[in-house]
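>>> could you look at this predicted model? Sequence included:
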Amino acid sequence: MGQRRPHEERCSCSNTDCLERPLKRLFEGLGRVVAACPWPFALLPLLVSGGLGSGFIFLPGLQENDIEGQFTPTGGPAKAERDLVRLHFPTNDSRFFAQRLATEGSYAALIAVATGNGSVLSPEARREVLKLNEAVQNLGTPGSYRQHCASLLGACVHPNPLVPLLGSPQLGPLSYPSNGSGSFLGTTLGGVRTNGSGYVESARAMKLLYYLREDGDEAEKSREWLETFLREFPGVLAGLNLAAVRVTYFTSLSRQQEFEGNTKSVIPLFSVTYFLTITFSIVSCLRLSCIRNNVWLACCGVISAGLAVLSSFGLLMFCGVPFVVTVANAPFLILGVGVDDMFIMIASWEQSASKKDTKSRLADTYSEAALSVTVTTVTDVLAFFIGTWTTFPSVQSFCLYTGTAFIFCYIYTMTFFGAIIVLNDKRVQGNRHWLTCMPVEQGRTSCFYNACCIGSCSSKSSELQTNETVSEHPMSLFFKKYYGPFLTVKWTKLLVVLLYGAYLGGSIYGCTQIREGIDLRNLASDDSYVIPYYDDDETYFSEYGPRVMVIINGNVSYWEPDVREKIETCLEDIENISYVDKNLTESWLRVYIALAKNLSININNKDVFMNNLTFLFRYPGFELDINMTHNEITASRFFVQTVNVTSAVDEKNLLNQLRAKAEECSIPLKVYHPAFIYYDQYLVIVQNTIQNVLIAAGAMLVVSLFLIPNLLCSLWVTFAIASVIVGVTGFMTFWDVNLDSISMINLVICIGFSVDFSAHISYAFVTSKESSANKKAIGALYQLGYPVLQGAISTILGVVILAAAKTYIFRTFFKIMFLVILFGAVHGLVFIPVFLTFFGYFGTSKIQEVRYRNNKDCP
């Protein structure tokens, strides 16, 4: 031990096994300890899981499913802008204007669409809309709506500016989008056809918005009315027997309530998933011999993953970590990973069958399999904990819960499952039946007995066979005798290279077409009542977008002509954006300037400017657009109307262009609309994703360098990460998956799983004693090809049931996990073995020769 190690054995760029060797020794020692005393290692995890699992009693108080809080970036600019609006322009529900709200408000919404090809303005349709309006206002206790409605001039705000006119025999000429009375119809009358003069000829849909009070104690009463609406309205609507219009509905509570119901909808899928995984595990471990059958190993491997979920979730609930709906995906993933580790352990155990002693055999198993499992666990856990650095709370919670579960999964695999392997081996050594644990008698002549209890009519089959041939699984032999040699043929390699080129080209093209942002409709289940409402809203009311506030923040000398000119220039710059209709701008300052000109008032003096604002306040709403403190205007606002904001790209461009114009203005400007809270995700989603991927990939490279004893192979593992991420991101486009906070979670997972498959094969390749690269690749596939394939199938089985989910969140999780596992497995079983034969062999043979020759000198 005191001797200086030869130069070839020291850590270097070509030999980085200085950590791998002592870890192997450590795992060998652990294997011997577990083999010597299996029962404590089997029972202690059960007790720990039971204790930590009691943390689930805190689950009801830890559920955090607020959509804005979980799916918008922490510290987004729009949240600060909303606080500014609330500070300077507090809402007055007795002088209510919907466009002046700092939030979406509290409301119930209906969209009445004319049946057939009719018009909602036809006499019959108008009568039914009035009938519908009356039914809504009479919901609940008599007069309850009128008690809680938002009001203007002492009366409830009309749900649509046309409602007072619907009872008239003739509506009269209606200009569109602004009516002659000053009402804006662009967002309340949809599918409009106008004549050459801009007057309405027909309209397909009408939107009714019933706003409620939110001030003080009224907020809770308004919520109760909305809950009554959701409970009673479907029955009331059915009872109206409307023929001229069909109706869809929505409330300010709907999106949140539907989102919170997503978790409950996926709970029944857990039992199906565990059944599928257990079934697959059992089938994979079946043997004809009733003694060597590994059914109990398969079952306990699944139980080990379940214990990891119970322990990790319970621990974090004890610590008060919020539980969000995205975390409900984690058990499906952990189950697949736990079973993957189980297959690796079983494969190494069976390949160590040449050793008679259980301690030596388990030490060998831990030496080979535990290190491979350690590499994948460390990389997975690192990927998830790096994912907690994002600004999306939903991603943070998921990564924290899942990363912690992976740690427990690893611990229980090394302890609980290792102990089960030992106990199962004792049963095998005792020649006991896998189901009854009763000794199997040898020498019986009954063919029926031998077939049931031994696996064949011959009594000789009961004799314990521990030679390597018996232990080899047929699939392992397939990889050794057929698949490996086929993959290493020259022409096959060429085909693989061409296939990879096509894969990479398609992936890169898909990356250039990726769509960003989460569509709020996707937070509801497919069969939700809100989906038809969203469809109608998109079909008939998408021409006119958000009515955006343009806020002047700070004391500005409005009475100075040059200041007013600067304000006008900035407002015109905003109006010149392609998404803004300059004819629909609402500016108190423009009105005031015109009013002063008509009244021959010189407003270039501060006192005159301030004292004559009372003339302006005769116009509805303008008084709410100016915040005065001590005869100073501390803030004011204008409104611009956006148009043709129909996609996520439009939303992103609109937000960026508006904020850019506000920044360029010499006057302190801010732009705000409640929808900008969600638009903010476009500013950080790509940046966050790239940041997490790059940091995680760098961390994976460092871990690989330490745990895989070859620099070139570590680089190939990093290459696999980049390649799989590019593939998954590109093919997301082809499968209609956006880049949002939900898919970002899966891309974090992608990093860890990319390492899993490539690391197993790469590690087996560089530790092989074979003399040629092709033989090394065949040996690696023989040793770990089948476990990798099993792991891929088991992980897909763990999430495949989510394809049947009715919600976007869970279906997206399945889609991306399927792509991750598919591409990861193809890299591990096809691309990486071939590429390693080209580049992975250089510089390894001499190192391996010295390493195995002088292994006794390793630390």
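Yep, it's here. Since we're looking at a predicted model, the values are computed, not measured.
>>> the residue nearest to residue 163 when sequence neighbours are not counted is in what secondary structure piece?
Nearest in space to residue 163, with sequence neighbours left out and distances taken as CB to CB, 6 or more residues apart in numbering, is residue 133 at 6.1 Å. The way it works is simple: take the backbone N, C-alpha and C, and place the C-beta from them, glycine included. Assigned by DSSP states H and E, residue 133 falls within helix 123-137.
>>> which of the residues in that helix are buried?
Buried residues in helix 123-137, defined by neighbour count with 16 or more other CB atoms under 10 Å: 125, 126, 128, 129, 132, 133, 135, 136, 137.
>>> residues touching the fourth one, list them.
Pointing back at residue 129 there. 112, 120, 163, 166, 206, 208, 245 (CB atoms under 8 Å, 6 or more residues apart in numbering).
>>> which residues of the stretch 51-200 of the chain fall in helices?
Secondary structure of the stretch 51-200 of the chain (DSSP state H, counting those that start in this stretch): helices at 59-62, 67-71, 77-88, 123-137, 144-148.
>>> quick check: the residue nearest to residue 163 touching residue 167?
No - the pair residue 133 and residue 167 fails to qualify as a contact (CB atoms under 8 Å) at a distance of 10.4 Å.
>>> distance from the chain centre to stretch 529-543, please.
For stretch 529-543, the separation from the chain centroid amounts to 24 Å (computed by CA atoms, centre = their mean, to the nearest Å).
>>> what is the rounded mean pLDDT of that stretch?
What stretch 529-543 shows for mean pLDDT is 92.
>>> list the neighbours of that stretch that are in contact with it.
For stretch 529-543, using CB under 8 Å, 6+ apart, the contacting residues are 109, 111, 113, 186-187, 190-191, 204-205, 207, 234, 248-250, 254-255, 258, 521, 524, 643-646.
>>> recalculate using a threshold of 7 Å.
Applying CB atoms under 7 Å, 6 or more residues apart in numbering, the contact partners of stretch 529-543 are 111, 113, 186-187, 190-191, 204-205, 207, 248-250, 254-255, 258, 521, 524, 643-644, 646.
>>> buried among those residues? Need that as a selection in PyMOL.
Those of the contacts of stretch 529-543 that count as buried under 16+ other CB under 10 Å are selected in PyMOL with:
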select buried, resi 111+113+186+187+190+191+204+205+207+248+249+250+254+255+258+521+524+643
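>>> in helices only, show me the contacts of stretch 529-543.
Within the contacts of stretch 529-543, membership in helices is found for 254, 255, 258, as judged by DSSP state H.
>>> need those residues in a markdown table with pLDDT, can you?
Formatted as a markdown table, those follow (pLDDT from 0 to 100):
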| residue | pLDDT |
| --- | --- |
| 254 | 91 |
| 255 | 87 |
| 258 | 85 |
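>>> now the helices of the stretch 51-200 of the chain as a markdown table including mean pLDDT and distance to residue 332?
Below are these laid out as a markdown table (pLDDT from 0 to 100; distance: least, CB to CB, whole Å):
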| stretch | mean pLDDT | distance to residue 332 |
| --- | --- | --- |
| helix 59-62 | 88 | 18 |
| helix 67-71 | 82 | 19 |
| helix 77-88 | 93 | 33 |
| helix 123-137 | 93 | 42 |
| helix 144-148 | 90 | 43 |
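>>> ok, which of those helices comes nearest residue 578?
Nearest to residue 578, of all those, is helix 77-88, at 21.3 Å by CB to CB.
>>> can I get the closest one in CSV? Just the C-alpha atoms.
Listed next in CSV are the C-alpha coordinates belonging to helix 77-88 (Å, rounded to 0.1, in the frame of the first residue of the first chain):
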residue,chain,number,x,y,z
PRO,A,77,-42.5,42.2,-14.3
ALA,A,78,-46.3,42.2,-14.8
LYS,A,79,-46.8,41.4,-11.1
ALA,A,80,-44.9,44.5,-10.1
GLU,A,81,-46.9,46.5,-12.7
ARG,A,82,-50.1,45.1,-11.2
ASP,A,83,-49.0,46.3,-7.7
LEU,A,84,-48.4,49.7,-9.3
VAL,A,85,-51.9,49.8,-10.7
ARG,A,86,-53.4,48.7,-7.4
LEU,A,87,-51.5,51.4,-5.6
HIS,A,88,-52.4,54.3,-7.8
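>>> in its sheet, what does the lengthiest strand in the chain sit against?
Taking DSSP state E as the criterion, the chain has its longest strand at strand 632-643. Within its sheet, strand 632-643 is paired with strand 544-553 (antiparallel), strand 580-586 (antiparallel), strand 626-629 (antiparallel), according to DSSP bridges.
>>> deepest-packed of these, please.
Stretch with highest mean neighbour count among the strands paired with strand 632-643: strand 544-553 (a mean of 22; mean count of other CB atoms under 10 Å).
>>> quick check: what element follows that one along the chain?
Per DSSP H and E, the first helix or strand lying C-terminal to strand 544-553 is helix 561-575.
>>> buried ones in stretch 496-510?
Buried residues in stretch 496-510 (16+ other CB under 10 Å): 496, 500, 503, 507, 510.
>>> repeat that for stretch 482-494.
Residues 483, 484, 485, 487, 488, 493 are the ones in stretch 482-494 that count as buried (16+ other CB under 10 Å).
>>> stretch 697-716 - what's its average pLDDT?
pLDDT averaged over stretch 697-716 gives 72.
>>> start to end distance for it?
From its first residue to its last, stretch 697-716 covers 12 Å (CA to CA, to the nearest Å).
>>> so what's the spatially most central residue of the chain up against?
Nearest residue to the geometric centre of the chain (CA atoms, centre = their mean): residue 742, 1.7 Å. Residue 742 makes contact with 326, 518, 809, 812, according to CB under 7 Å, 6+ apart.
>>> residue 209 in helix, strand or coil?
Using DSSP: H, G, I helix; E, B strand; the rest coil, the secondary structure recorded for residue 209 is strand.
>>> count of residues packed around it?
19 (other CB atoms under 10 Å).
>>> which residues touch it?
Counting by CB under 7 Å, 6+ apart, residue 209 has contacts 98, 107, 109, 159.
>>> try 8 Å
Listed by CB under 8 Å, 6+ apart, the contact set of residue 209 reads 98, 107, 108, 109, 159, 160, 188.
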